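Trainee: Pasted the sequence and its predicted model underneath.
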Amino acid sequence: MRIKLIAVNALIVTIVAFLCFLLVRSSLGTATSDSDQLTTEAQNDINGAASLLQLDGLRAERWLAAAAAEPASADALSKGTVAARGESATIRCDDLVSRMKNAALFDRNVPTLVALVDTSGRIVGRNNSNLSRGEDLASVYAGLKATLATGQSGSDIWHERDRYLASYVAVRDDQGKIIGGLVIGRPLNDTLSRVSEATTGRPLVLVVPKAGAGFEVVAHSAQQSAQLDEAANAAAKDTLKSSIAHQQTDVVRAGDLLVASAPLAAFGEGQRALLVAAAPASLVQDPTAIALVPSLGALAIGLVLVVLAGWLLGNYITRPINMLEEGLLAILNGQTDKRFELDHPELGGLAFRIDQLLNQLMGVEEDTTDAEGRVSMSGHPSRYTESLDDEKGAPAADADVVRRLAAEPLAEYYARLFREYIAAKNVLGESTAHITETTFTSRIQAMEADALQKYGRPVRYQVQSRNREIVLVAVPLP
C-alpha cells in the first residue's frame, strides 16, 4: 500500500516537474533571444564605445593644443644646437607627463609617449629618454605628416611599431609659423579597457586591415577573451570589410556571439581601424541549465514530501487493516469472543459492523454503542419487550414493582440493573467481556428517553429471561 501510494504520487510530481521545466525553458528562450532587440543593443553598444574612444582623442588634441601654445614648447624647438634642443625637449616632455598625471582626462591612462618633433617629423626629444632622438615618425604615420604640413591637429591608431592611441598638434613660433609638433601616445590596451568600463563593460578589440586580405587584432581591452578574437576573425571575411568600406556599423552572428563593428572615422582617414565588440546572441546562454536547477530542486522537494506523506498515509490505512486481518484470523482459529475496539475515523464504523455481524452469527448480545459511544436504538426483540395495555396504551406492570422502582435512587437503579443483566447473561453462558457499565447505562438512558417520547410517561426497566434470551422489560412510572 505504501509503495503504491508513493509510486503513483512520485510519478505525478515527476511529470509536473518535467512540464514546468519545459515551460520555463521555452519562456526563457523566447524572452532572451529576440534577435532584433539584441542586434539593436549590440549596435548601440559598439557605437557608444567608438564614440567615446574618438572623443578621448579629440579631447587629448585640445589639451595638447593648449600645451603647444605655451612658450616653453616653442622654446624647446628653438634652441641653437641639436643637443640643446634635445635636452630642452626632453625636459618639456617630462614636465607635460607630470601635469598629465594630475589631469582627469588621462586618469589611469597617462601617455607613455610624449615627444616634440621637428617640421620633418623627426623626434627632437621625448619623455624620460634620449634614445629615440632623430627617429622619423612622419615617414610611418601619414596623419602626423599632414598635421605638420597643414597645422590641423589629429588622432590616429598607431600599430605599425608601438601600439598607441596617438594625438598630435602643431607647435608654432611667435609669428605663427609651424616649427614642429607635440605628440602623445597612450597604450591601446589601457585605452580600450577604460572605454569598455565606461560603456558596455564587454570585451573590445581593435582590428586593422592586413596587407593583402583580412584583418588583424592589434589591441584588446582587459576583459578580452580568445573567443572574441576568434569571433572577430570569423566575421572579418565580409562584415568587417563592409563596415570599413561603407563606414557604417555592422552586426553579424558568429557562433554564440553577435559581433558588432564600428569604424573610427575621426582617426586618420577613417579607414585605418575598426572597433569590434561581442555581445551574446542570447541574454541567457543556456536556458536549459537555468530552468533545470529550480526544476530539479522542486522535484527533489516534491519527492521527499511524497515519500513522507505516502509513508504516513500508508500507516494510517494499513495499520487498522492489519488489526482487522489479525483479529479475523484469531476468530477463525477459535477465539470466538474476539472483538474489535478500533478508534478510526474511516475504518472504525467497519469494525463496529463486523462486531455486530459476529454477534449475530454467534448469538451473542453485542455492545450497541458506536465508535463514539452513541447508542444504537434498533428494535431487535432481544433488547427489550413492551406489553401494551389495550385501554390506556401504556405498559402494564405490578403496582408493588412500580412503587419499588420509582423509589429506588437513580444511580443504584442503573448499577443494580447492570449487575442483574450481566448475571443473567453469565447464567446463559454468554460472553459479557465487551459490555461495560458505562455503555450499558448510556443504552438504558437512551431507551428511557425514547419510551418517554413515545408514550408520554417515564419508564424503568427490569431484566427477565425468556426462552434462553435476556430481555429488558419497560415498567411505566406514575
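Mentor: Now that the structure is in, tell me what you want to look at. Because the structure is predicted, anything quoted here is derived from the model rather than measured.
Trainee: Where do the strands of the stretch 251-400 of the chain begin and end?
Mentor: Secondary structure of the stretch 251-400 of the chain (DSSP state E, counting those that start in this stretch): strands at 257-263, 274-280, 384-385.
Trainee: Does whatever helix or strand Val195 lives in pack against any helices or strands, and if so which?
Mentor: Using DSSP states H and E, Val195 sits within helix 188-198. On a contact count with 3 or more C-beta pairs under 8 Å, 6 or more residues apart in numbering; DSSP states H and E, helix 188-198 meets helix 35-68, strand 164-172, strand 204-209, strand 215-220. From N, CA and C alone the C-beta is placed, and that goes for glycine too.
Trainee: Could I get the average pLDDT for the third one?
Mentor: I take that to be strand 204-209. In this model, strand 204-209 carries a mean pLDDT of 82.
Trainee: Can you lay out the helices and strands packed on helix 188-198 as a markdown table showing mean neighbour count and distance to Pro320?
Mentor: Formatted as a markdown table, these follow (neighbours: other C-beta atoms under 10 Å; distance: least, C-beta to C-beta, whole Å):
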| stretch | mean neighbour count | distance to Pro320 |
| --- | --- | --- |
| helix 35-68 | 18 | 63 |
| strand 164-172 | 25 | 86 |
| strand 204-209 | 24 | 74 |
| strand 215-220 | 20 | 75 |
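Trainee: and these as TSV, adding distance to Ala407?
Mentor: Below are the helices and strands packed on helix 188-198 laid out as TSV (distance: least, C-beta to C-beta, whole Å):
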stretch	distance to Ala407
helix 35-68	101
strand 164-172	124
strand 204-209	113
strand 215-220	116
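Trainee: Nearest to Leu240, out of these?
Mentor: strand 215-220 (5.2 Å; C-beta to C-beta).
Trainee: quick one: contacts for the residue most central in space within the chain?
Mentor: Nearest residue to the geometric centre of the chain (C-alpha atoms, centre = their mean): Pro294, 5.8 Å. By C-beta atoms under 8 Å, 6 or more residues apart in numbering, the residues touching Pro294 are Val24.
Trainee: Next, Asn333: phi, psi?
Mentor: Note on Asn333: backbone dihedrals following degrees, to the nearest 10 are phi -90, psi 10.
Trainee: what number of residues lie near it?
Mentor: Counted with other C-beta atoms under 10 Å, the neighbours of Asn333 add up to 9.
Trainee: what's the answer for Glu346, then?
Mentor: Neighbour tally, Glu346, other C-beta under 10 Å: 9.
Trainee: now Gly80
Mentor: For Gly80, the tally of surrounding residues (other C-beta under 10 Å) stands at 7.
Trainee: Can you tell me the SS state at it?
Mentor: Secondary structure, DSSP: H, G, I helix; E, B strand; the rest coil: Gly80 is coil.
Trainee: how close does Cys93 get to Glu61?
Mentor: 17 Å (C-beta to C-beta, to the nearest Å).
Trainee: got it, and Ala198?
Mentor: Counting by C-beta to C-beta, the gap from Ala198 to Glu61 is 19 Å.
Trainee: Leu342 too?
Mentor: The value you get for Leu342 to Glu61, if C-beta to C-beta is used, is 98 Å.
Trainee: now swap in Lys338 and tell me
Mentor: 108 Å.
Trainee: before we move on, what about Tyr316?
Mentor: 85 Å.
Trainee: Check Gly143 too.
Mentor: Distance from Gly143 to Glu61, by C-beta to C-beta: 11 Å.
Trainee: Residues that sit against both of these two, list them.
Mentor: The contact lists of Gly143 and Glu61 share 154-155, 168, where a contact means C-beta under 8 Å, 6+ apart.
Trainee: Could you dump those into a markdown table with distance to Arg466 and pLDDT added?
Mentor: As requested, those are exported to a markdown table (distance: C-beta to C-beta, whole Å; pLDDT from 0 to 100):
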| residue | distance to Arg466 | pLDDT |
| --- | --- | --- |
| Gly154 | 132 | 92 |
| Ser155 | 127 | 91 |
| Tyr168 | 134 | 95 |
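Trainee: Strands along the stretch 1-150 of the chain, start to end?
Mentor: Going by DSSP E, counting those that start in this stretch, the stretch 1-150 of the chain shows strands at 113-117, 123-126.
Trainee: closest to Val471 out of those strands?
Mentor: Here strand 113-117 is closest among those (C-beta to C-beta), at 125.4 Å.
Trainee: What confidence value was assigned to the residue nearest to the centre of the chain?
Mentor: So Pro294 comes in at 81 (pLDDT).
Trainee: Repeat that for Ala396.
Mentor: pLDDT, Ala396: 55.
Trainee: Likewise for the one 10 residues further on?
Mentor: Taken from the predicted model, the pLDDT recorded for Ala406 is 87.
Trainee: I'd say it and Leu477 touch.
Mentor: Yes. Ala406 lies in contact with Leu477 (C-beta atoms under 8 Å); the separation is 5.0 Å.
Trainee: For the closest residue to Arg202 other than its chain neighbours, give me its contacts.
Mentor: Distance criterion C-beta to C-beta, 6 or more residues apart in numbering; nearest residue to Arg202, sequence neighbours excluded, is Ala277 at 5.5 Å. Shown in contact with Ala277 (C-beta under 8 Å, 6+ apart): 42, 45-46, 49, 200, 202-205, 228, 259-260.
Trainee: What of Arg319?
Mentor: By C-beta under 8 Å, 6+ apart, Arg319 has no neighbours at all.
Trainee: Surely Glu420 touches Gln464?
Mentor: No. Look at Glu420 against Gln464 with C-beta under 8 Å: they stay out of range, at 9.5 Å.
Trainee: Output the contacts of Ala277 in TSV, with distance to Ile15 appended to each entry.
Mentor: Converted to TSV, the contacts of Ala277 look like this (distance: C-beta to C-beta, whole Å):
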residue	distance to Ile15
Ala42	40
Asp45	43
Ile46	46
Ala49	48
Thr200	43
Arg202	41
Pro203	43
Leu204	48
Val205	48
Leu228	43
Val259	42
Ala260	43
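Trainee: Which one of those is nearest to Arg108?
Mentor: Closest to Arg108, out of all of the contacts of Ala277 and judged by C-beta to C-beta, is Leu204, at 15.9 Å.
Trainee: Leu274 versus the closest one, what's the distance?
Mentor: 11 Å.
Trainee: coming back round to it: so which of the strands of the stretch 1-150 of the chain is the most surrounded?
Mentor: Mean neighbour count (mean count of other C-beta atoms under 10 Å) peaks for strand 113-117 among the strands of the stretch 1-150 of the chain, with a mean of 26.
Trainee: Break this structure down into its structural domains.
Mentor: Domains of the chain are assigned by automatic domain parsing as 2-27+291-317, 34-281, 319-362, 384-476.
Trainee: any idea how far the third one is from the chain center?
Mentor: So the one you mean is domain 319-362. 53 Å (C-alpha atoms, centre = their mean, to the nearest Å).
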